[in-house]
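J.: coords below, sequence missing:
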């Protein structure tokens, strides 16, 4: 399968996968819910500001690749779902890794294990490496390991759905590094992410209800 996703298409696909797992009660997603999911501030790198036209174009392209489609629902508001499982027949741990790589770019196995917790619980780093190897051995490969950057201890992995990765080596800085802030705990980050997911979903549901009410009122005008 010859796939070369743009950054917008990768963000849309990753967001659909994530929301199916984390908020299944709100899935498939309306266009507004998908817009909020793509542009949310947590669990995204980089943070984007996609508009509805960009989301529609990405959905159209993903549909041509067989990776997303309009979902059959009883409501009047169109909703959308991904088709990754139909395209690749993934295991759950493979889907979780690919989702996080789509949403947050190249990461180390340790980062992937932590950031996948809401999607799939890996027992240890060996389990992460095993799942990454499965994705690397696909034909064609879906994940690659990047050359280790100078001054770093761990190699990072990246998805290949957007083509080969070409990174510029990090340059050492002569400036004093800023004092790092104490890291938030994984539990706190998970709770914040879940709250943001629910707020975004509730906002989209409210917008959908307003659209349905407006359509209903027009029938009597």
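T.: Looks like it came in fine. All of these numbers come straight from a predicted model, not from anything done at the bench.
J.: So residue 133, which state does it fall into?
T.: What DSSP: H, G, I helix; E, B strand; the rest coil gives for residue 133 is helix.
J.: Spell out which residues sit in contact with it, please.
T.: Contact partners of residue 133, counting by Cβ atoms under 8 Å, 6 or more residues apart in numbering, are absent. Where you see a C-beta, it was placed from the backbone N, CA and C, and this is true even at glycine.
J.: what's the distance between it and residue 143?
T.: 9 Å (Cβ to Cβ, to the nearest Å).
J.: One more: residue 3?
T.: According to Cβ to Cβ, residue 3 and residue 143 sit 13 Å apart.
J.: More neighbours: these two, which one.
T.: Counted by other Cβ atoms under 10 Å, residue 3 and residue 143 do not tie: residue 143 has more neighbours, with 21 against 18.
J.: shouldn't the more buried one be in contact with residue 94?
T.: No - the criterion here is Cβ atoms under 8 Å, and residue 143 misses it with residue 94 at 9.1 Å.
J.: any shared contact partners between the two?
T.: residue 135.
J.: where does the chain have low pLDDT?
T.: Scanning the chain for pLDDT under 70 picks out the ranges 1, 166-191, 193-194, 196-198, 200-201, 204-205, 211-212, 214-221.
J.: Tell me where it has helices.
T.: For the chain, the helices defined by DSSP state H occupy 7-22, 31-39, 52-64, 84-88, 92-104, 109-115, 125-136, 186-218.
J.: Quick one: work out the angle between the first one and helix 52-64.
T.: Put plainly, it is helix 7-22. Counting by axes from the mean of the first three to the mean of the last three Cα atoms, to 10 degrees, helix 7-22 lies at 80 degrees to helix 52-64.
J.: cool, the second one as well?
T.: Helix 31-39 and helix 52-64 are oriented at 90 degrees to each other (the same axes, to 10 degrees).
J.: Check the fifth one too.
T.: For helix 92-104 against helix 52-64, the angle by the same axes, to 10 degrees is 150 degrees.
J.: From here on, call the first residue 20.
T.: Renumbered: residue one is now 20, and that last one reads helix 111-123.
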